[in-house]
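K.L.:
Predicted model, plus sequence, below.
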Amino acid sequence: MSIKIIKKGNGLEKLMKRAEELHGQHKVKFTDMYSSEFISSCSEFQSIDELFDASGFKVESKEDFEAIPDAEWEVFITQNTSFGSWLEMQKAAVAAYTKKQLGL
């Protein structure tokens, strides 16, 4: 069995260009990685800021976030999102961000 590929437009070229732009290391804003769409899809919150507010931790900077005790953050995430761990949530956020950047 063979599959015939028919090229219509430049969709594949656009996808390849977007993939090339994502290659390598990039700095991504926390609010872009954890977009409102992502947060609302996995929790009762509408934004990462709402999630932070509900956590009881003051998060106004990278340093504030890094100061949160890992165990307490893990408990908050597992109890307030659809994820079984913070790591699982991070991986899902990266996948959703990448998919969006690729235009998929």
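P.N.:
Everything's here; your move. These numbers come from a predicted model, not from an experiment.

K.L.:
Flag every buried residue along the strand or helix carrying Y97.
P.N.:
Assessed by DSSP states H and E, Y97 sits inside helix 86-102. Neighbour counts over helix 86-102 (16 or more other Cβ atoms under 10 Å) mark 86, 89, 92-93, 96-97 as buried. (C-beta placed from N, C-alpha, C; glycine too.)

K.L.:
Out of the residues you listed, flag the one nearest to S41.
P.N.:
A96 (8.1 Å; Cβ to Cβ).

K.L.:
what kind of secondary structure is the residue lying closest to the closest one once chain neighbours are set aside in?
P.N.:
Spatial nearest neighbour of A96, chain neighbours left out: F38 (5.1 Å); criterion: Cβ to Cβ, 6 or more residues apart in numbering. Three-state call for F38 (DSSP: H, G, I helix; E, B strand; the rest coil): helix.

K.L.:
need the contact list for F38.
P.N.:
Contact analysis of F38 by Cβ atoms under 8 Å, 6 or more residues apart in numbering lists 92-93, 96-97.
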